[in-house]
Every structure is written in C-alpha cells, then in structure tokens.
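Q: based on what follows, work out the 3D shape:
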Amino acid sequence: MEEIKIRWMREKDLEEILKIEKENFKYPWKKSYFEYDLRRPNAYCLVAEMGNKIVGYLVAWEIADEFHLANISVAKNYQRKGVGTKLMNELIAIAKLREIKKIYLETRVSNIAAQNFYQKFNFKYAYLRKNYYSDGEDAWIMEKEL
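A: Here you go, the predicted model:
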C-alpha cells in the first residue's frame, strides 16, 4: 500500500475534498466553509494524500488553549486503512506543540463508527447536546485531555 502523507490543505484541493464530503455526509459542508477556514489564522486544515490523490482531510480550530475538531473525513475506498489515524495523530502532535490542553468535537449519536474511532484516541464522552444537528439529531460532545 502507498504511503499516506499529511500536508496543509490548499484551495486547489477543494474539489476533491468536496467529493469526499458529499460521499460521507448527509449534510455536507459547503465549499465556502472550507474557503473561510483556509483563510482563518486559527484554523488547521490538513489533507491526507496517497500518491497524488487526496484520500482524507481534517479541519480544526484553535480557541484559547483548546482545539475544536470541526471536520474529519476519509474517502470511502480508503477507510480502515490508517488514513484517519494518521490525520488524528498529526492533529494531536500539532496540539502538543501549541501546548493545547484539550481537543473536543461533536459527533452524531447515531454515528457509532466515529465514536469508536475517537475512543481509540482516548476521547471521552463529555455530555449530550440535544437537537444539535439541522435534522434534529443529538450530538455527543467528546473530549480528549492532552
């Protein structure tokens, strides 16, 4: 299997990223969300590449001494091949360099696969946020202490 490389997201990556976003989410982010984050000084936008193909991405925001993991996704054909793990490990490494104390995220209550993935990195359930998503589904807020 080809090596997974992590690098900073660029504007020219967005078409490929949007394909993955639409493939994986019922309510995908709009292109403008990614464009906005690429310009924010407190946003960390990463992509995972295999060969010259983008196979995953991550967006996190630095807020005070915390990271908010806003979006992480891996192309369906590349899931369970270490791509998400490599992205998450890179975010954790950046967080430690930045002396971040905690990473937190929201995940759909119904998304057991995501919850299991986050638990591999010692994310814990913090609390339930009712009606968080636009379709009314609740979200688990999960956090990891660093």
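Q: so in this structure, which helix runs the longest?
A: For the chain, the helix with the greatest residue count under DSSP state H is helix 83-97.
Q: by contact count, what packs against that helix?
A: Packing contacts for helix 83-97, counted by 3 or more C-beta pairs under 8 Å, 6 or more residues apart in numbering; DSSP states H and E, involve strand 4-8, strand 43-50, strand 53-63, strand 66-74, strand 102-108, helix 112-120. Where you see a C-beta, it was placed from the backbone N, CA and C, and this is true even at glycine.
Q: read off the pLDDT value for K26.
A: Note on K26: pLDDT of 88.
Q: to clarify, my last question referred to K76.
A: pLDDT, K76: 96.
Q: so which of the helices and strands packed on helix 83-97 is nearest K130?
A: Distance to K130, taken as C-beta to C-beta, is lowest for strand 102-108 among those, at 11.9 Å.
Q: what lies in contact with the closest one?
A: Defining contact as C-beta atoms under 8 Å, 6 or more residues apart in numbering, one finds that strand 102-108 is touched by 60, 65-70, 91-92, 95, 114-115, 118, 123, 126, 129, 132-133, 137-146.
Q: who does that strand pair up with?
A: If you go by DSSP bridges, strand 102-108 pairs up with strand 66-74 (parallel), strand 139-145 (antiparallel).
Q: ok now it, how far from the chain's centre?
A: Put simply, strand 102-108 sits 9 Å off its chain's centre (C-alpha atoms, centre = their mean, to the nearest Å).
Q: pLDDT on that strand, on average?
A: When pLDDT is averaged along strand 102-108, the result is 98.
Q: please apply the same query to stretch 9-17.
A: The average pLDDT within stretch 9-17 is 98.
Q: OK, contacts around the residue most central in space within the chain?
A: The chain has I72 as the residue nearest its centroid, 2.2 Å off, counting by C-alpha atoms, centre = their mean. Counting by C-beta under 8 Å, 6+ apart, I72 makes contact with G56, Y57, L58, V59, G84, L87, M88.
Q: what does K5 give?
A: A48, E49, M50.
Q: pretty sure A48 is touching Q79, no?
A: No: checked against C-beta atoms under 8 Å, the pair A48 and Q79 is beyond contact range at 11.5 Å.
Q: between the two, point out the one with more neighbours.
A: Applying other C-beta atoms under 10 Å to A48 and Q79 shows that A48 carries more neighbours, namely 26 against 16.
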